[in-house]
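Peer 1: can't give you the sequence, but here's the structure:
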């Protein structure tokens, strides 16, 4: 259940960050409120996941997957450029998250 809660927290953080972009500097009330609500719910979900999972693993997955998903949304939805360096960097983030996942295996 902790893993499900973690992934819900990640989705909420991604929606919050996307809402931040759509709020245009907090000038669009709907997206501004959405940003704050999603961030609060995301942090709550992360806190619940931490009851069962290691903090280093949770934070790495939350930050890493959140970053990768936001980068993908930036490219697809906001038409940001997709460069080789951006792809390599996202790959390294994912590799780091996977590596941290293996640290806990076998304990």
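Peer 2: Yep, that arrived. Being a predicted model, the structure only gives us computed values, none of them experimental.
Peer 1: make it CA atoms for all contacts and neighbour counts henceforth
Peer 2: Noted.
Peer 1: can you give me the mean pLDDT across the host helix or strand of residue 64?
Peer 2: Residue 64 is located in helix 55-76, with elements delineated by DSSP states H and E. Mean pLDDT, helix 55-76: 90.
Peer 1: what's next to that helix, contact-wise?
Peer 2: For helix 55-76, contacts defined as CA atoms under 8 Å, 6 or more residues apart in numbering pick out 6-7, 9-11, 13-14, 17-18, 46, 49-50, 80-82, 90, 93-94, 96-97, 100-101.
Peer 1: Which of those residues are buried? Put it as a ChimeraX command.
Peer 2: Buried residues among those (16 or more other CA atoms under 10 Å), as a ChimeraX selection:
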select :6,7,9,10,11,13,14,17,18,46,49,50,90,93,94,97,100
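Peer 1: So which residues of the protein form helices?
Peer 2: With DSSP state H as the criterion, the chain has helices at 2-22, 29-49, 55-76, 84-103.
Peer 1: Can you tell me which of these is most buried?
Peer 2: Of the helices of the chain, the one with the most neighbours on average (mean count of other CA atoms under 10 Å) is helix 2-22, at a mean of 20.
Peer 1: what sits against residue 37?
Peer 2: Residue 37 neighbours (CA under 8 Å, 6+ apart): residue 16.
Peer 1: With residue 85 as the reference, measure out to it.
Peer 2: 33 Å (CA to CA, to the nearest Å).
Peer 1: Alright, I will stop here.
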